[in-house]
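Engineer: Mind folding the following:
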Amino acid sequence: MIGGSKRAAEEDEHERPLVNGGSPPAAPPVKEERELVEEPILPVVGPPRVVVPRWIQLVLLPVALLATWALAKAAGKVLLIFIVAGIIALILNPAVNLLQRSRFPRGLAVLTVYLVFFLALAGIGVLLANPISNQVKSFTHSLPHLVNEANSTIVTAEGDLHRLGVHAKLAEQGKTALQTLSDKLSKSGGSIASFGGSLLTEAASAIFDLVLVFVLSIYMLVYGERIGRLVRRAMPDGDGTRTDDYPTLVQRAVSHYVQGQLLFSVIMGATAGIALYVFGVIGIFPDGRKYAVVFAIIFGSMELIPYLGPFLGALPPIIVALLTDPITAVWVALLFVGIQQLEGHIVAPQIFGHSLRINPLLVIFALLFGQHLYGLVGALLALPILSILRETALYLSRHLTLESWEHRRDGVL
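Structural biologist: Okay, here's the model as predicted:
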């Protein structure tokens, strides 16, 4: 049946009348003909570039730069507070976004991130408080013994000088040194009180500024999505992907800086801790073995501060070694000099050159410029701001075109 129906269909097809005046139906086009008929697929291009007219280049851009500089100079501390708050918000925003993707409301995500942040700071403080307190108590208890040893050393030195024919009253001067210091302190009581009052005023102002920074950063995080939409409107349009979205690029630049800085601090802290532990094992610095982890945390944390960080991080172990033995303190100081050489010539260029992708000369210039403007805080903000400026320049170079200044002649440039 199946074969018969197939033959019948073929016979019926042969008996079907011809169309178009007797010509057989056209055969379907072959592959080559289809390729010629089909329209060519155009390459996908990004959004059109924004052309900046010549009159804007000549007038508005210089005026805008001067106005921005004047406003920044007049704002002073206010601008600095907002910049610090913005950097903190950018640093914490990835954690907020992570919690938000876990179905946390954004406000609750911000609150959770800040609670974890402050609990971590409190934990580090508790971790460091115990060994520091123990060292202070040890120094307080051993202070009378140190004074007696110093006095006996002075008496011995005075006897040796007398035997050499040098008549110097060192012991009497040594005994009255503390009394002289006490008298000078009592006479300077008014100055000390005045200094203490100004110090308290500065401390209160710093605490107020710190609270204001955290409050502003909380608001920036809560309204982060609105701020991102506002920034997108102000900047030229991207191609719609995350790799060409300006707020995302800024966030990524700050995240790369934070990752590089944390990796740098961990490496340097671990290096200092291991070196101090080895000093403790071989007997050069016995307390280094006991407090190696604490000293590593201190040194790694201080590495977050440019310029002064390595010096501040080296002070605690050097002071503890000094209370033990001055020669031990010299060895510990030489150890940290070697660590800082390793840091400056090998570790820092490799890590920051890879994470920031910025020329080291620009990094040094940014640190010096930030320190010149706002001191230590300016040096802290220099690298994240430099990374943001880099991403901004790259983004604008892709989406902005300056109108040519060449004169037209007969319709030809």
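
Engineer: Which of the three states applies to the residue lying closest to I284 once chain neighbours are set aside?
Structural biologist: Once flanking residues are discounted, I284 sits nearest to W331: 5.3 Å by CB to CB, 6 or more residues apart in numbering. C-betas here are computed from N, CA, C, even on glycine. Classification of W331 by DSSP: H, G, I helix; E, B strand; the rest coil places it in helix.

Engineer: Please name the residues that touch W331.
Structural biologist: Contact partners of W331, counting by CB atoms under 8 Å, 6 or more residues apart in numbering, are 279, 284-285, 321.

Engineer: which of those residues has the most neighbours?
Structural biologist: When neighbours are counted by other CB atoms under 10 Å, F285 leads those with 29 neighbours.

Engineer: wait, that one sits on V278?
Structural biologist: No - taking contacts as CB atoms under 8 Å, F285 lies outside contact range of V278: 9.3 Å.

Engineer: Give me the buried positions along stretch 286-304.
Structural biologist: By 16 or more other CB atoms under 10 Å, the buried positions in stretch 286-304 come out as 287-288, 290-292, 294-303.

Engineer: From these, pick the one nearest I218.
Structural biologist: Nearest to I218, judged by CB to CB, of the buried residues of stretch 286-304 is S301 at 23.5 Å.

Engineer: Which secondary structure state is assigned to that closest one?
Structural biologist: The three-state assignment at S301 reads helix, by three-state DSSP.

Engineer: Read off the pLDDT value for it.
Structural biologist: As predicted, S301 sits at a pLDDT of 86.

Engineer: Just confirm it contacts S265, I think it does.
Structural biologist: Yes - between S301 and S265 there is a contact at 6.9 Å, judged by CB under 8 Å.

Engineer: Compute the distance between the residue nearest to A95 when sequence neighbours are not counted and V84, please.
Structural biologist: In space, and not counting its chain neighbours, A95 is closest to V113: 4.8 Å by CB to CB, 6+ apart. The spacing between V113 and V84, counted by CB to CB, to the nearest Å, is 17 Å.

Engineer: Now the residue nearest to V110 when sequence neighbours are not counted. Its backbone dihedrals?
Structural biologist: Closest residue in space to V110, ignoring its immediate chain neighbours: L221 at 4.6 Å, by CB to CB, 6+ apart. The phi/psi pair for L221 (degrees, to the nearest 10) reads phi -70, psi -40.

Engineer: ok, now how distant is L221 from L396?
Structural biologist: To L396, L221 is 26 Å away according to CB to CB.

Engineer: quick one, which of those two is more surrounded?
Structural biologist: Higher neighbour count among L221 and L396: L221, with 26 against 14, using other CB under 10 Å.

Engineer: residues contacting that one?
Structural biologist: For L221, the contacting residues are 89, 92-93, 96, 106, 110, 113, by CB under 8 Å, 6+ apart.

Engineer: As TSV, the contacts of W331 with pLDDT and distance to E403 would be great.
Structural biologist: Output for those, formatted as TSV (pLDDT from 0 to 100; distance: CB to CB, whole Å):
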residue	pLDDT	distance to E403
F279	92	66
I284	89	69
F285	89	67
A321	85	66
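
Engineer: of those, closest to L315?
Structural biologist: A321 (10.7 Å).

Engineer: Could I get the contacting residues of that closest one?
Structural biologist: A321 makes contact with 285, 287-288, 328-329, 331-332, according to CB under 8 Å, 6+ apart.

Engineer: swap the cut-off to 10 Å and go again
Structural biologist: 276, 279, 284-288, 327-333, 335 (CB atoms under 10 Å, 6 or more residues apart in numbering).
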